[in-house]
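**Q** Model the following, please.
(2 chains)
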Amino acid sequence: NAGVTQTPKFQVLKTGQSMTLQCAQDMNHEYMSWYRQDPGMGLRLIHYSVGAGITDQGEVPNGYNVSRSTTEDFPLRLLSAAPSQTSVYFCASSYQRHTDTQYFGPGTRLTVL
Amino acid sequence: AQSVTQLDSQVPVFEEAPVELRCNYSSSVSVYLFWYVQYPNQGLQLLLKYLSGSTLVKGINGFEAEFNKSQTSFHLRKPSVHISDTAEYFCAGEVFGNEKLTFGTGTRLTIIP
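**A** The predicted model follows:
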């Protein structure tokens, strides 16, 4: 099993550009989530999904979109990048619920100029 | 108010000394509590979790935590630390009624040789 994979590992964007951060898992997990990590602020939940076709907002959803068309994939879309979105982004998955062990991907470091 | 609070942003400890990393939670947080570890340039990994039952929870790498309802705490302890324990440690909990975890701001553990 590859676990949770994320691409790209690094990305630099200009303000206003859009892009998609990819996340995939091969563990047949139902629950998937996206977090951003900023210095001194820990991890903050952006969006999450409890299964294919179902998504919901987390703590900081503004400026981000998600979809869950398959169990395996949970892409995060930045609609119009802003410098405030400079962060490290982590995708995570767990068996069924958020209280099951969450497995984290290696992260994507995004810089918005 | 912060749902999960980690009072210490940095904790330096001599190698082979004991360590305690503090975590307190507010009344809006349920009794589902977690400790995750993040090694440099990696994603997060579950150390241990408390969902119910015994209040003393043992995790990986010799760590343990004790759930204390009267003090609303879930402190992480290890009797003797090693250089390889150098990492950032995050406490997390579920906010009542939400299908999501909220994370503390993290404690950076530095082991002094």
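
**Q** the strands in the chain, which residues?
**A** Picking chain A for this. Using DSSP state E, the strands of chain A run over A:4-7, A:10-13, A:19-25, A:31-38, A:42-51, A:54-57, A:64-66, A:76-78, A:87-94, A:103-104, A:108-112.

**Q** that's the wrong chain, I wanted chain B
**A** Going by DSSP E, chain B shows strands at B:4-5, B:10-14, B:19-21, B:24-25, B:29-38, B:44-50, B:56-58, B:64-68, B:73-78, B:87-95, B:101-103, B:107-112.

**Q** Which residues does the first one contact?
**A** Read it as strand B:4-5. B:23-26, B:29, B:91-93, B:102-104 (C-beta atoms under 8 Å, 6 or more residues apart in numbering or on different chains). From N, CA and C alone the C-beta is placed, and that goes for glycine too.

**Q** Closest one of these to chain A?
**A** If you rank the contacts of strand B:4-5 by distance to chain A using C-beta to the nearest C-beta, B:Phe103 comes first, at 4.2 Å.

**Q** Can you name the residues of chain A that neighbour chain B?
**A** Counting by C-beta under 8 Å from any C-beta of the partner chain, the positions of chain A adjacent to chain B are A:4, A:33, A:35, A:40-45, A:48, A:50, A:56, A:58-59, A:90, A:92, A:97-99, A:101-102, A:104-107.

**Q** For chain A, give me its nearest residue in chain B.
**A** Counting by C-beta to the nearest C-beta, chain B gets nearest chain A through B:Gly43, at 3.3 Å.

**Q** Right, I'll leave it there.
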